[in-house]
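Engineer: here are the coordinates; sequence isn't available:
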């Protein structure tokens, strides 16, 4: 595969600012593309550049209060890429910027994110190791802004994460054996009490990946107040997994059934479904059959062969029933003149410290290997 068909590996180390500086210097053009993408999205939602900068500036003390080292890493990215700290904050707060401010008005109704995630426990896995995989459904342009960030450090576990250039992390693994992925969720509680939130969603994910144990990662989540809903799939390579359905002020959970855990973009915990109104199904009712079809594919493989292997998982995440809005999403026009698609399929083996990622999986099913060690 040529360089244009793979996500670049960005190696960083040292103190937070130094890590960010290396990140920005290695992929400045991709960081600039990330900024251009979200500036454009906000422009289409009626948010001026002046207002964008003001909203970013408002987030700076919130990020610093949550974790000053994260702000230092962002400052490093900004300097390395030749941008301002407000630019980098905008990229890291893109969900809150796009959907969470009153002046955006009708834009909050355009809930067009996606994703499908799965976890297979070791006892059901053909490798004997926990398997974690994820389809990232978002803006098609992110095929040219995505990177794999490998972070070696002394102040926490090493990380190998797939993310958008300019951001601190999206989904991936760490050297403590944790793996994490996230899926879009929404409810009527989102952005209602934004003044009470602690930090944007992206930094909560990073804090969890910075954790040395599954318990610490969950404690980090439970100790934060969020702007909006989000689903997080967390696993420990030693053989444990949980799905965490997060409203801004409450967390619900699911654990594997028959050694399999699958989540798309609707609330599944029975308690959550009695307490919350799911606003996402009106825009993405396909979530219901995506979740069911992936679960069925894994269960069928288990019954037929006794174990689930990576080819089965790849096939499940390439299911195109209901195209263009299947588990694998081909490019299509959505709200605000945007193009959505499955940007990447990521396979994670935290015990081995490996990610395999397919870019534009609707075009190519070739997976590129990235190693933590």
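Structural biologist: Nice, I can see it. Quick caveat: nothing in here was measured; it's all calculated off a predicted structure. Numbering: from 1, shown residues only.
Engineer: Reduced to three states, what does the residue lying closest to residue 176 once chain neighbours are set aside come out as?
Structural biologist: In space, and not counting its chain neighbours, residue 176 is closest to residue 157: 4.4 Å by CB to CB, 6 or more residues apart in numbering. (Glycine included, C-beta is placed from N, CA and C.) Following DSSP: H, G, I helix; E, B strand; the rest coil, we place residue 157 in the coil state.
Engineer: now residue 29
Structural biologist: Per three-state DSSP, the secondary structure class of residue 29 is helix.
Engineer: In the stretch 51-200 of the chain, where is pLDDT below threshold?
Structural biologist: 98-113 (pLDDT under 70).
Engineer: ranges for the strands of it?
Structural biologist: 116-120, 131-139, 146-152, 159-164, 171-174, 178-183 (DSSP state E, counting those that start in this stretch).
Engineer: Contacts for the helix or strand following the last one, please.
Structural biologist: Using DSSP states H and E, the helix or strand that directly follows strand 178-183 along the chain is helix 201-209. The set of residues that contact helix 201-209 without belonging to it, under CB atoms under 8 Å, 6 or more residues apart in numbering, is 63, 66-67, 70, 92-96, 157, 159, 161, 167-174, 178, 180, 182, 217-218, 220-221, 224, 226-228, 230, 232, 234.
Engineer: mind running it again at 6 Å?
Structural biologist: With contact meaning CB atoms under 6 Å, 6 or more residues apart in numbering, helix 201-209 is reached by 70, 92, 95, 159, 167-169, 174, 180, 182, 217, 220, 224, 230.
Engineer: Now do the helices in the chain.
Structural biologist: Taking DSSP state H, the helices of the chain run over residues 16-26, 28-44, 49-66, 68-81, 85-92, 94-99, 201-209, 214-222, 270-275, 286-305, 310-317.
Engineer: quick one on the thing from earlier: what's around the residue nearest to residue 176, how many residues?
Structural biologist: 19 (other CB atoms under 10 Å).
Engineer: Likewise for residue 207?
Structural biologist: With other CB under 10 Å as criterion, residue 207 counts 22.
Engineer: how close does it sit to residue 199?
Structural biologist: Distance from residue 207 to residue 199, counting by CB to CB, to the nearest Å: 8 Å.
Engineer: Then residue 78?
Structural biologist: If you go by CB to CB, the gap between residue 78 and residue 199 works out to 18 Å.
Engineer: Which neighbours in the sheet does the longest strand that the chain contains have, and how are they oriented?
Structural biologist: As assigned by DSSP state E, the longest strand anywhere in the chain is strand 338-349. Sheet pairing here is set by DSSP bridges, and for strand 338-349 it gives strand 131-139 (antiparallel), strand 332-334 (antiparallel), strand 354-359 (antiparallel).
Engineer: Save the strands of the stretch 51-200 of the chain as JSON lines, and put in mean neighbour count too.
Structural biologist: Shown next, in JSON lines, are these (neighbours: other CB atoms under 10 Å):
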{"stretch": "strand 116-120", "mean neighbour count": "28"}
{"stretch": "strand 131-139", "mean neighbour count": "26"}
{"stretch": "strand 146-152", "mean neighbour count": "23"}
{"stretch": "strand 159-164", "mean neighbour count": "25"}
{"stretch": "strand 171-174", "mean neighbour count": "28"}
{"stretch": "strand 178-183", "mean neighbour count": "26"}
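Engineer: closest to residue 56 out of these?
Structural biologist: Among the strands of the stretch 51-200 of the chain, the nearest to residue 56 by CB to CB is strand 159-164 (15.9 Å).
Engineer: hang on, the earlier thing: figure out which of the strands paired with strand 338-349 is closest to residue 295.
Structural biologist: Nearest to residue 295, of the strands paired with strand 338-349 and by CB to CB, is strand 131-139 at 13.1 Å.
Engineer: got a list of contacts for that closest one?
Structural biologist: 114-120, 125, 171, 179, 181, 235, 313, 317, 329, 338, 342-348.
Engineer: can you check stretch 362-373 too?
Structural biologist: Stretch 362-373 is contacted from outside by 6, 9, 148, 160, 328, 330, 342, 353-358, using CB under 6 Å, 6+ apart.
Engineer: and that stretch, how far apart are its ends?
Structural biologist: Terminal residues of stretch 362-373 lie 30 Å apart, using CA to CA, to the nearest Å.
Engineer: got it, and stretch 18-32?
Structural biologist: 19 Å.
Engineer: quick one: average confidence on it?
Structural biologist: For stretch 18-32, mean pLDDT rounds to 98.
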